[in-house]
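**Student:** just coords:
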């Protein structure tokens, strides 16, 4: 499967790194705003041994339609910003290219655009695209369904400088109908990232815990999603849509 | 719902304790082998404030058919031993009384008897009847389905004297196709009981953890099962059968 | 060593239970306010097999001087309330009986009385008398000395109904000069009690964790202290005084 | 304080990275065997903003005496191999340069050499030079002294490919007189490194846990040691010698 990547910040690089090392996916190009690494090769830049072309392209020097025609791909993966989708969305949809977006926040305008594009192609969006966090969310919601009266508390740990409640913790709390006051944010040293959901029963406790090791987890999440979109028809999908079918198959 | 209980050891007492405190269930009687507490009242014996009759009956002084006719129940809960089912199974099935067995091990003979009885009434069997452990098992199997290549390791902790691998850990390992060598048994001091399933991904770790606080958790598990059997037709059920329907309802 | 115990509430009973099972200590009597269990035997009441006399005495029927003369002891252990010390303090000190108090809070008045009594006998006071919590406090203070700039966060977990920050967490925070805002209180289900001190370094994390299993831990703490007071001369001691000498001996 | 560094593998680079970012220490040079990065600058190579000279020198192109005379340092930090000490030991000792070695294993021959050099200068050796692991070791030994009969179990977790018991776990076990059979090695995914010592008491559990985030922790350990060797006289020191004085000061 041929992949084009938007965004080459810390997370974009980690995602490129993972794709380059996977033989089932070919990183055709990375599209950046700046011309800084223009025409260099992502694999060579990241020090990865890979045969993927991985061309680094600047949006200043080539238009998106040109890029999609000269270097065709099956999927576009978007780790840029909320404005990214406007630059390539329609061109991709027209060409039947699938879109996987991991942009953190979209405004109403972009959400509507996603819906539009989903009429023509497969569109997937998840603000946190790691398998672990999405599984956690899914499994936690399920336990809450079984035991609606259980006490639920969230503990999340991150490095000292991280401000406010983590976006993931907020999302878990929302999904479980847990008050913000029941989220405990530990900020200490260089902790990469840990989320724990504590289910307190009268005579037993269940804990679901996710620990991040590195941003490369986003790369694996993207490939998991890509692999699960192959047989899908046009439409807008989220991570729960990807996980649910695993239940029906025994 | 009227309940009869077989077994009044440590766990049986804890289960009786929980039933006595729940207003939706009435503990009609406890059937014991010995005549030691004959005709005493379970609530008074356990120091629980309850209006349930909770008569303690010895199998030496009353036959099972007599007991079932004089003190009718809707459900029999069995925390006795593998031989218990032979003493009451047919009498219960004939009368349409549901059977919930939490006996740890059954031999082939008893498993066949359960099948037979299931033609006439609702029969449920689970060797570990806590909600937490069964949820853990279910959620772990699901994650393994999603990520079949993930590394899975089990760590279980119990009090120093506990011999061998815990039955629950062995069951989890079997369900996840994990080698015995991947079960780590920590034995130290008075740890009540903890089971952790570690899922190691390349860039993230997911942990599912169950901690026991007291045996009363078995009581809550029994009542959860009893509540979920009300609309079931004759047949043999296990804990997974009880949990699955929670998925379909959104 | 002969022991007299003040207080026979939940914790007092747990402490009596531990003393009765230890052959190096004899529980001579338990002094209660009410006459409810008057003249019964603590061992028999608690269902413990022990040869200790363990007489349950009501303060209504015998004066403290009479009790100390008729049933002499080496140590008085006080799990009553802040007023307890006034009823027996001077009588004990005059007779050279050691005093171990585990009363949670003393007012200025009692603290002065302890000082006074300490001129005549060995007086020990610790508001939390478990070995584990006191070790945790000691070890945490030591790490803070070594690494004064490390980020410190406290996470404590207790059953849902527990109000406010736990006394132990507050004490740890005070000892480590940690702001109240850095204490996270998790309240869920029936969690017995867990205290974790997280030390966040830039590239590593150290955690010190104490988990309570049952109140009997107080009994073991008392006996540990009693054993370490045998060679002490008159004076007022706390848990740190007991732990420090273990460093000097190699 | 001027520093010279031996070894520029993964750990050596991480250590250089930390030194370059600390204003109290100047990385004068890095001595490597190969000529690969000859005459480049460590700061520039690692992408760190620093004014330290950080010259990368090959042992093929300059002798150690020449290096020490042209680019004098106060401390040599050795992350090379067991043979490294032979190449610079005497030259450093003669010049009164302090030696901090973090080499994992030394044979009898090198241990004797360290003793010899310690007659002339300050020599420090610790096979694991992180503050966290050494604190853990120290605190664990102390708890074992206080409670010699407590059950001790070690659980260590590392990435799937790590063979055998971790060296740190083996060292902890040796220090605490814990059998190898009481070390549980969890190998799963990409876990960076976690060591937990579980102290099981009858009614409570104490856990000391160290989690590694990155190799940079070695750099911080080195600087901690360096800072604590300033006022030391000639002699051979280990990490415990560095930690002990923190007790006496209140």
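**Tutor:** Structure's in. What do you need? Predicted model only: the values in this text are computed from it and were never measured.

**Student:** And the helices in chain A?
**Tutor:** A:10-20, A:42-46, A:64-70, A:84-94, A:108-117, A:131-146, A:167-176, A:216-228, A:239-243, A:245-248 (DSSP state H).

**Student:** any residue of the last one up close to chain B?
**Tutor:** Yes - Helix A:245-248 lies within reach of chain B by C-beta under 8 Å from any C-beta of the partner chain, at A:246-247. (Each C-beta comes from the backbone N, C-alpha and C, glycine too.)

**Student:** just to revisit the earlier point, export the helices of chain A as TSV, with columns for distance to chain C.
**Tutor:** Compiled in TSV, the helices of chain A are given as follows (distance: least, C-beta to the nearest C-beta, whole Å):
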stretch	distance to chain C
helix A:10-20	18
helix A:42-46	23
helix A:64-70	41
helix A:84-94	33
helix A:108-117	35
helix A:131-146	13
helix A:167-176	13
helix A:216-228	18
helix A:239-243	25
helix A:245-248	27
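
**Student:** how about those in a markdown table, adding mean pLDDT and distance to residue D:121?
**Tutor:** Supplementary listing: the helices of chain A in a markdown table, determined by pLDDT from 0 to 100; distance: least, C-beta to C-beta, whole Å:
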| stretch | mean pLDDT | distance to residue D:121 |
| --- | --- | --- |
| helix A:10-20 | 95 | 43 |
| helix A:42-46 | 91 | 44 |
| helix A:64-70 | 97 | 63 |
| helix A:84-94 | 97 | 60 |
| helix A:108-117 | 97 | 65 |
| helix A:131-146 | 97 | 50 |
| helix A:167-176 | 95 | 52 |
| helix A:216-228 | 96 | 44 |
| helix A:239-243 | 95 | 60 |
| helix A:245-248 | 81 | 64 |
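
**Student:** Export the ones you listed to CSV and append columns for mean neighbour count.
**Tutor:** Output for the helices of chain A, formatted as CSV (neighbours: other C-beta atoms under 10 Å in any protein chain shown):
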stretch, mean neighbour count
helix A:10-20, 22
helix A:42-46, 18
helix A:64-70, 15
helix A:84-94, 19
helix A:108-117, 14
helix A:131-146, 22
helix A:167-176, 18
helix A:216-228, 23
helix A:239-243, 19
helix A:245-248, 12
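
**Student:** Out of the ones you listed, flag the one nearest residue C:150.
**Tutor:** Checking the helices of chain A against residue C:150 by C-beta to C-beta gives helix A:167-176 as the closest, at 23.7 Å.

**Student:** What is that closest one packed up against?
**Tutor:** helix A:131-146, strand A:151-158, strand A:183-187, strand A:194-200 (3 or more C-beta pairs under 8 Å, 6 or more residues apart in numbering or on different chains; DSSP states H and E).

**Student:** tell me the contacts of the most centrally placed residue in chain A?
**Tutor:** Nearest to the geometric centre of chain A sits residue A:129, at 2.7 Å (C-alpha atoms, centre = their mean). Residue A:129 makes contact with A:100, A:102, A:218, A:221-222, A:225, A:239, according to C-beta atoms under 8 Å, 6 or more residues apart in numbering or on different chains.

**Student:** What of residue A:65?
**Tutor:** residue A:91.

**Student:** Repeat the analysis, applying 10 Å as the threshold.
**Tutor:** For residue A:65, the contacting residues are A:88, A:90-91, A:94-95, by C-beta atoms under 10 Å, 6 or more residues apart in numbering or on different chains.

**Student:** Can you report how many residues neighbour residue A:233?
**Tutor:** Neighbour count for residue A:233, taken as other C-beta atoms under 10 Å in any protein chain shown: 6.

**Student:** That one contacts residue A:123, correct?
**Tutor:** No - at 11.5 Å, residue A:233 does not count as touching residue A:123 under the criterion of C-beta atoms under 10 Å.

**Student:** how about residue A:8, phi and psi?
**Tutor:** When read as degrees, to the nearest 10, the backbone of residue A:8 gives phi -140, psi 40.

**Student:** Just the pLDDT for it.
**Tutor:** Residue A:8 is assigned 93 on the pLDDT scale.

**Student:** I figured it hits residue A:30, correct?
**Tutor:** Yes - applying C-beta under 10 Å, one finds residue A:8 in contact with residue A:30, separated by 5.2 Å.
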